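Colleague: just coords:
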């Protein structure tokens, strides 16, 4: 399989679904969201000095060298985590939902769905502490494996680097506004947290912190 779609659902509500797609001729992996598009392109060459990452932005893309994450097991790198609070599970059933592997969301707002993409170079490890969602085979015969589990919400402070902080604050006063916040774990794994403003009253919401701190899941 070269393409795997997955997401979270809670009865009649669904998250956006995510897709990992392997390129046909090079050891490349594209991570995309059904609503955010193909925002992340990872290239994993046999020589780790030539690994690189491309991030797609509204005003263009950024390509830079990428230090491979540290191995969590022999031959296994933890590439990407996608963290979904229950607020991100808010959409109606999407078209072609039957092609998506859905993972049950917890009704507890302090429990997130945690998807992790592993790169396995020496065969797939035994999965004990999570559920196997599926895998895609890369052109060099290695494998990208997606696993999922429920994890406790990790407290932190939220901020964004934005060109117009006042406009961002104003946008987040409206319920239903979403953002994909990202960072890097100490082992080099990239994480993305799907945030939503769920305010119900005018003037409520994330507030002035929106433009001045960090998220540290």
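Modeller: Received the coordinates, thanks. Keep in mind that what you see is a predicted model, and the values were worked out from it rather than measured. Numbers count the residues shown, from 1 in each chain.

Colleague: Any chance of the backbone angles for residue 94?
Modeller: Per-residue torsions, residue 94: phi -80, psi 160 (degrees, to the nearest 10).

Colleague: who's in contact with residue 34?
Modeller: 7, 16, 17, 18, 19, 94 (CB atoms under 8 Å, 6 or more residues apart in numbering). Every C-beta, even on glycine, is put in place using the N, C-alpha and C of the backbone.

Colleague: with the residues you listed in mind, which one is nearest to residue 184?
Modeller: Closest to residue 184 out of the contacts of residue 34 is residue 18 (18.7 Å), distances taken as CB to CB.

Colleague: about what we covered before: please flag which of the contacts of residue 34 sit within strands.
Modeller: Of the positions in the contacts of residue 34, 7, 18, 19 sit in strands, assigned by DSSP state E.

Colleague: any idea which of the residues you listed is closest to residue 192?
Modeller: Set against residue 192, the nearest of these by CB to CB is residue 18 (9.3 Å).

Colleague: coming back round to it: and the buried ones among the ones in strands among the contacts of residue 34, selectable in ChimeraX?
Modeller: Command for ChimeraX that selects the buried part of these, burial taken from 16 or more other CB atoms under 10 Å:
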select :7,18,19
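
Colleague: mind putting the ones in strands among the contacts of residue 34 in JSON lines, distance to residue 85 and pLDDT included?
Modeller: Formatted as JSON lines, the ones in strands among the contacts of residue 34 follow (distance: CB to CB, whole Å; pLDDT from 0 to 100):
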{"residue": "7", "distance to residue 85": "14", "pLDDT": "93"}
{"residue": "18", "distance to residue 85": "15", "pLDDT": "87"}
{"residue": "19", "distance to residue 85": "20", "pLDDT": "87"}
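
Colleague: Now render the ones in strands among the contacts of residue 34 as a markdown table, adding distance to residue 49.
Modeller: Below are the ones in strands among the contacts of residue 34 laid out as a markdown table (distance: CB to CB, whole Å):
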| residue | distance to residue 49 |
| --- | --- |
| 7 | 35 |
| 18 | 29 |
| 19 | 28 |
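
Colleague: from the ones in strands among the contacts of residue 34, which single one is nearest residue 115?
Modeller: residue 18 (6.8 Å).

Colleague: Wait, that closest one touches residue 30, no?
Modeller: No: here residue 18 lies out of contact with residue 30, judged by CB atoms under 8 Å, at a distance of 10.9 Å.

Colleague: and of the ones in strands among the contacts of residue 34, the nearest to residue 81?
Modeller: residue 18 (11.4 Å).

Colleague: Please tell me how far that closest one sits from residue 3.
Modeller: With distances taken as CB to CB, to the nearest Å, residue 18 is found 11 Å from residue 3.

Colleague: And for residue 13?
Modeller: Using CB to CB, residue 13 is found at 24 Å from residue 3.

Colleague: can you tell me which residues contact residue 29?
Modeller: Shown in contact with residue 29 (CB under 8 Å, 6+ apart): 20-23, 41-44, 79, 117, 119, 136, 138, 144.

Colleague: Just the element for residue 80, please.
Modeller: strand 76-84 (DSSP states H and E).

Colleague: That strand packs against which elements?
Modeller: Contact here means 3 or more CB pairs under 8 Å, 6 or more residues apart in numbering; DSSP states H and E; on that basis strand 76-84 packs against strand 37-43, strand 111-120, strand 190-196.

Colleague: I'd like to know which elements the longest one is packed against.
Modeller: Which is strand 111-120. Packing partners of strand 111-120 (3+ CB pairs under 8 Å, 6+ apart): strand 28-33, strand 76-84, strand 143-152.

Colleague: Cool, thanks, signing off.
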